[in-house]
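In: take this sequence and fold it.
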Amino acid sequence: MTHTTSIVVDSWAWLELFGGSEKGKEVEGRMSSARSVFTTALTLAEVVSVTARRKQPAEKAYEVIQSNSRIVAPTAEDSFLAGKLHAEIKSTRRNFSLADSFVLQAARKLDAKVITADPDFKGIEEADFLG
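Out: Numbering: from 1, shown residues only. Sure, this is the predicted structure:
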């Protein structure tokens, strides 16, 4: 990956980073070498939810994501396209979430790669897997 690549960091990748894993270190490296780093508003909500449920400091996660990426909120058109993506992909991938669809839609709109370790993204062109 070069500095000309923009990335959308998904929930899985943020949680790896917060967990201090080897994949988390890889996320840090990819973020530092990316031209632009984005996180969807839905991803931000997912990460806050997971950290709060794990009894970890959700405020800290929020601050780290806010200060290390640009938060992108979906437009009505993005929501429509994400819904269509979800219907299409969900027919063959039972666990592909609606939030995953918003991440993929953001990556397509921003001409970016999705940084993830989520197996639901396997085989998707825009996905750039950790590890």
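In: all helices of this structure, in order?
Out: If DSSP state H is used as the criterion, the helices of the chain fall at 11-19, 22-33, 41-53, 58-68, 76-90, 98-110.
In: what angle do the first one and helix 22-33 make?
Out: Using axes from the mean of the first three to the mean of the last three CA atoms, to 10 degrees, the direction of helix 11-19 lies 100 degrees away from that of helix 22-33.
In: now helix 11-19 and helix 98-110, what's the angle there?
Out: In terms of direction (the same axes, to 10 degrees), helix 11-19 departs from helix 98-110 by 100 degrees.
In: what's the spacing between helix 11-19 and its chain's center?
Out: Taking the mean of its C-alpha atoms, helix 11-19 sits 9 Å from the chain's own mean (CA atoms, centre = their mean, to the nearest Å).
In: returning to what we had before: residue 130: which of the helices of the chain is closest?
Out: Taking CB to CB as the criterion, residue 130 comes closest to helix 22-33 out of these, the separation being 4.2 Å. Using the backbone N, CA and C atoms, a C-beta is placed for each residue, glycine as well.
In: ok, and for the closest one, which residues are buried?
Out: Residues of helix 22-33 classed as buried under the neighbour-count rule (16 or more other CB atoms under 10 Å) are 23-24, 26-27, 30-31.
In: could the residues you listed go into a markdown table alongside distance to residue 90 and pLDDT?
Out: Formatted as a markdown table, the entries for the buried residues of helix 22-33 read as follows, by distance: CB to CB, whole Å; pLDDT from 0 to 100:
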| residue | distance to residue 90 | pLDDT |
| --- | --- | --- |
| 23 | 26 | 96 |
| 24 | 28 | 96 |
| 26 | 28 | 96 |
| 27 | 26 | 97 |
| 30 | 27 | 96 |
| 31 | 29 | 96 |
